[in-house]
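J.: Sequence first, then the predicted structure:
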Protein chains: 2
Amino acid sequence: MPTARRPTIRDIARRAGVSESAVSFALNGRPGVSEGTRERVRRVAEQLGWHPSSAARALSGERTGAVGLVLARPASTLGVESFFLQLVSGVQEALSTRRAALLFQVVESLDTECELYRRWWAERRVDGVLVVDPRSEDPRPALLGELGLPAVVVGGGEAGERLSSVSADDTSAMASIIDHLHGLGHRRIVHVAGLPGFVHTERRVSCLRAEAAARGLDPHRTRSVTTDYSDSEGAEATRLLLDEPDPPTAIVYDNDVMAVAGLATAQERSVAVPAELSVVAWDDSPLCRVTHPRLTALVRDTAAFGRLAARELLRLLDGESGRAVASALPRLEPRESTGEANRAAS
Amino acid sequence: MPTARRPTIRDIARRAGVSESAVSFALNGRPGVSEGTRERVRRVAEQLGWHPSSAARALSGERTGAVGLVLARPASTLGVESFFLQLVSGVQEALSTRRAALLFQVVESLDTECELYRRWWAERRVDGVLVVDPRSEDPRPALLGELGLPAVVVGGGEAGERLSSVSADDTSAMASIIDHLHGLGHRRIVHVAGLPGFVHTERRVSCLRAEAAARGLDPHRTRSVTTDYSDSEGAEATRLLLDEPDPPTAIVYDNDVMAVAGLATAQERSVAVPAELSVVAWDDSPLCRVTHPRLTALVRDTAAFGRLAARELLRLLDGESGRAVASALPRLEPRESTGEANRAAS
DNA sequence: ACCGGTAGCTAAACCGCGTTAGTTCCGCCT
DNA sequence: AGGCGGAACTAACGCGGTTTAGCTACCGGT
């Protein structure tokens, strides 16, 4: 069987007995055709299963109907966190209301990511992009500004003319965690953070420092250590911490995988959780609920975060100017992995 | 600052002092220009940072330079498995050699997925697609055939003219698991499978049945139960199994998340693993290595699987005809969650 | 000296849409 | 009756490439 031919506005025009321009007017809601004709054209288009060629449309209208999302992470730290698929699924929920497509790409490094933006721009593949994992010295906003490619930075950063940012309130999230732990009597709290260059990592780190200072905690005991988000570095960090002379009584991990790995490491050493050590996971997931004890976790609606980011990008594409948007506050869900600090130990 | 203008072949033509067609010939390696001119044009293009407009190219050449991947899973069962991000990252590694882009979309149902294929086809958004989670009564291959959209079914199924399939050898994988467990003395082995409509689920189920028959195991004891891949159904299935009068001595879970949940459930009931119950996870991940005991798992190179599938799709796009391709054999990695069957219990 | 063939190039058409500049027709006003 | 304006529609162009059909100059053969 030969491939079915794709219908074009020409086919519609012939069937409806009008010119191609009339069809274009009718289908795009422009003035210039009578209501009767418009309706007739619409019916024919429907009946033929017509959809505009994205290529042709992009070529004339300068709009592709696609947005891009690049994930720059080495393959090893990939594929464990539930965060990204959730985010992406939220993004698409918002995009699908406009029939926009998502170009998704995983690359190894930030440089490759920047090259990719250049290529996408030159190839006119995308109308805008979502930037994730913002860094403290991030070359991407400047590049995108130079290219004139609208962008939304997911996770914070400043806004610009064609640049928005949506951010989770890491500061108050960290504060609520410290509040919870401090209230349970913990005085030696260590934060096992993710990659050091990331903006959200640094925000969390500095918030922890501020909280510690505000509560008069020893900054050598209550502090952050950085990792690459992997289970192995999470476990390794945990081992080093437990080996210290005055080990922490509570550890906050920057993702679910490290939290689970840390919990396992503690149990391996017969450190009782939560009796001797409390554990908190930043970001909830099914993982946090299948361990024993279940992990106290910071619950965020990641899909909603993705929706918010995508909607903001659509707003930019509509010509509105950039701004900074804050997402809903995360909530700390206390479970069995956190408990009163051991009096003797503290 | 105004947005930089994107260079076109016209700019190149002017700078190089030749016609636009000559530029096109030169850059696409067609005959019709001298080597000297070709080289000069190439240099100018490079210098201008030119990349062909994907829209313009698609409009004339009928090729978009993009392929699609749709994931039809309800949001709830999403985002836990490491499988898809790994697959996608492998896919892109292969695609990037041809500078092809990936359109990635998550939808709720198979119907939406089919609609999406129709739309992508009509909009000429993709040159071909990767189909995942093949079902036993799958409408997708027929639809794609009708549309003339080249496709690769990831996970098995038959091939066609513009349709290939790449498959993991589930049968021998299941055989190796049963072999391992049977060798350890297990005679009551239950397989906690994933969604019942999936081809790979059914292949695994029927292989388990065949293996049981071949070894003379009681088909009421050695059998499969199906779930939706979620941690909660994995845990629930485990509870039901452990409550049976003659509970299984070994359970094989169809993904890592259910295996971890199952292990936790057993431990919650003080069922010792592996002394009283052996646990196997189908698909390895960091999760399987952070539990106690660590989980015996079926290790597959998922990224390599993705690469294979993408390469096969590129082959189809080059005009080669469809075929069935087999991926590398999976390997069973024995860890501490499997051990000798308890003599008394069996 | 003449002719045919080919290498190297240009002009022009085309892909499918959006858009702008006409064109026709009709009703209304003076 | 003539002019005028707007509604409804069509013709033609451009977007940035690819591709086909020419066109010219040169080269070798007889």
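T.: Perfect, I can see it now. Numbers count the residues shown, from 1 in each chain, chains lettered A, B, ... in the order given.
J.: For DNA strand C, what's its nearest residue on the stretch 101-250 of chain A.
T.: In the stretch 101-250 of chain A, the residue that lies nearest DNA strand C is A:Arg124 (12.3 Å; C-beta to the nearest atom of the strand). (Glycine included, C-beta is placed from N, CA and C.)
J.: which SS state does A:Glu336 fall under?
T.: When classified by DSSP: H, G, I helix; E, B strand; the rest coil, A:Glu336 comes out as coil.
J.: Is it in contact with A:Thr291, as I believe?
T.: No - assessed by C-beta atoms under 8 Å, A:Glu336 is found out of contact with A:Thr291, at 9.3 Å.
J.: between these two, which one's more packed in?
T.: A:Thr291 (27 against 15; other C-beta atoms under 10 Å in any protein chain shown).
J.: Spatially nearest residue to the residue nearest the centre of chain A, not counting backbone neighbours?
T.: In chain A, the C-alpha nearest the mean C-alpha coordinate belongs to A:Leu87, at 5.1 Å (C-alpha atoms, centre = their mean). Nearest non-adjacent residue to A:Leu87, counting by C-beta to C-beta, 6 or more residues apart in numbering or on different chains: A:Gly306, 4.1 Å away.
J.: quick one, helices of the stretch 51-200 of chain A?
T.: For the stretch 51-200 of chain A, applying DSSP state H, counting those that start in this stretch gives helices covering A:54-61, A:83-96, A:110-122, A:140-147, A:170-183, A:199-214.
J.: Can you tell me which of the ones you listed is packed in deepest?
T.: A comparison of these by mean neighbour count, using mean count of other C-beta atoms under 10 Å in any protein chain shown, puts helix A:83-96 on top with a mean of 23.
J.: what pLDDT, on average, does that one get?
T.: Per-residue pLDDT values over helix A:83-96 give a mean of 90.
J.: and A:Leu263, what is it in contact with?
T.: A:273, A:279, A:291, A:295, A:337 (C-beta atoms under 8 Å, 6 or more residues apart in numbering or on different chains).
J.: nearest to DNA strand D, of these?
T.: DNA strand D lies nearest to A:Leu295 out of the contacts of A:Leu263, by C-beta to the nearest atom of the strand, at 52.4 Å.
J.: which bits of the stretch 151-300 of chain A sit near chain B?
T.: Residues of the stretch 151-300 of chain A lying near chain B by C-beta under 8 Å from any C-beta of the partner chain: A:230-232, A:235, A:257, A:260-261, A:264, A:267-268, A:285-287, A:289-292.
J.: go again using 7 Å as the cut-off
T.: A:231, A:257, A:260-261, A:264, A:267-268, A:285-287, A:289-292 (C-beta under 7 Å from any C-beta of the partner chain).
J.: Now intersect the residues you listed with the strands, please.
T.: With strands defined by DSSP state E, no entry of those lies inside them.
J.: out of those residues, which are buried?
T.: Buried by 16 or more other C-beta atoms under 10 Å in any protein chain shown: A:231, A:257, A:260-261, A:264, A:267, A:285-287, A:289-292, out of these.
J.: what's the neighbour count on the residue nearest to A:Leu87?
T.: 29.
J.: quick one: which of the buried ones among the residues of the stretch 151-300 of chain A next to chain B is nearest to A:Ser96?
T.: The closest of those to A:Ser96 turns out to be A:Ser285 (C-beta to C-beta; 24.3 Å).
J.: wait, what's in contact with A:Thr302?
T.: Residues in contact with A:Thr302 (C-beta atoms under 7 Å, 6 or more residues apart in numbering or on different chains) are A:83, A:86-87, A:90.
J.: Save those as JSON lines, and put in distance to A:Gly32 too.
T.: Output for those, formatted as JSON lines (distance: C-beta to C-beta, whole Å):
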{"residue": "A:Phe83", "distance to A:Gly32": "48"}
{"residue": "A:Gln86", "distance to A:Gly32": "45"}
{"residue": "A:Leu87", "distance to A:Gly32": "42"}
{"residue": "A:Gly90", "distance to A:Gly32": "39"}
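J.: now, which of the residues you listed sits nearest A:Leu116?
T.: Set against A:Leu116, the nearest of those by C-beta to C-beta is A:Leu87 (18.5 Å).
J.: list the contacts for that closest one?
T.: A:302, A:305-306.
J.: again, but for A:His191
T.: A:204-205, A:208, A:224, A:252.
J.: Repeat that for A:Gln92.
T.: A:Gln92 sits in contact with A:102, B:105-106, where contact means C-beta under 7 Å, 6+ apart.
J.: same thing but at 10 Å, please
T.: A:69, A:100-102, A:104, A:303, A:306-307, A:310, B:71, B:104-107 (C-beta atoms under 10 Å, 6 or more residues apart in numbering or on different chains).
J.: so A:Leu332, which of the three states?
T.: Following three-state DSSP, the label given to A:Leu332 is strand.
J.: Check the burial of it by counting its neighbours.
T.: Neighbours of A:Leu332 using other C-beta under 10 Å come to 18.
J.: The residue of chain A positioned farthest from its centre and A:Leu163, how far apart?
T.: Distance from the C-alpha centroid of chain A peaks at A:Gly17, with 49.2 Å (C-alpha atoms, centre = their mean). A:Gly17 sits 48 Å away from A:Leu163, going by C-beta to C-beta, to the nearest Å.
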